[in-house]
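> sequence and computational prediction follow.
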Amino acid sequence: MAGAALAACTALVLYGVLDSGQDEPAPERRVPTASVTYEVTGTGTADITYQARSESGKAVTVKAAALPWRKTVAVPLGRAPVVNIVLGEHGGQARCTLSIRGQYVQGATASGEFGRATCTGTLPRPDAAGSEDQQ
């Protein structure tokens, strides 16, 4: 009886050592991020393009967004948070602002027909960052 138990334990240990683990799913890769708030004030509408959480750094565009507009997103470290605004053919005036972790970074104003403005900031590279927002 003891021999059978010992053989069963040995078989389980060898299975664990020799198992290739190919059936196990790969662990999800977590990208460190920072909280970024984009804000566009003014009246009317504007096309707004901003950087959001995306490992590839793809931007999100909101067409004819009603102003005022505000969005807080997680941006991967090493990516430059940016918000672009474009006014329509009726012009007007709009102002973009960008804050990182609640701290104001930059503001810019667009005015007139098809007026444009861009606000951008800098985030540290993931390997240079200490404790960041891990979202």
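Nice, thanks for sending it over.
> hey, let's count contacts and neighbours off CA atoms from now on
Will do.
> residues contacting stretch 105-122, please?
With CA atoms under 8 Å, 6 or more residues apart in numbering as the test, stretch 105-122 has contacts from 78-100.
> mind doing that once more with 10 Å?
36, 38-42, 46-51, 77-100, 104 (CA atoms under 10 Å, 6 or more residues apart in numbering).
> filter those residues down to the buried ones, ChimeraX style.
To isolate the buried members of the contacts of stretch 105-122 in ChimeraX, using 16 or more other CA atoms under 10 Å:
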select :36,38,39,40,41,42,46,47,48,49,50,51,77,78,79,81,82,83,84,85,86,87,88,91,92,93,94,95,96,97,98,99,100
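> strands along this structure, start to end?
33-42, 45-51, 59-66, 69-76, 82-87, 93-100, 103-111, 116-120 (DSSP state E).
> tabulate those strands (JSON lines), appending distance to residue 127 and mean pLDDT.
Shown next, in JSON lines, are the strands of the chain (distance: least, CA to CA, whole Å; pLDDT from 0 to 100):
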{"stretch": "strand 33-42", "distance to residue 127": "12", "mean pLDDT": "95"}
{"stretch": "strand 45-51", "distance to residue 127": "20", "mean pLDDT": "95"}
{"stretch": "strand 59-66", "distance to residue 127": "23", "mean pLDDT": "94"}
{"stretch": "strand 69-76", "distance to residue 127": "12", "mean pLDDT": "93"}
{"stretch": "strand 82-87", "distance to residue 127": "21", "mean pLDDT": "96"}
{"stretch": "strand 93-100", "distance to residue 127": "19", "mean pLDDT": "97"}
{"stretch": "strand 103-111", "distance to residue 127": "22", "mean pLDDT": "97"}
{"stretch": "strand 116-120", "distance to residue 127": "21", "mean pLDDT": "97"}
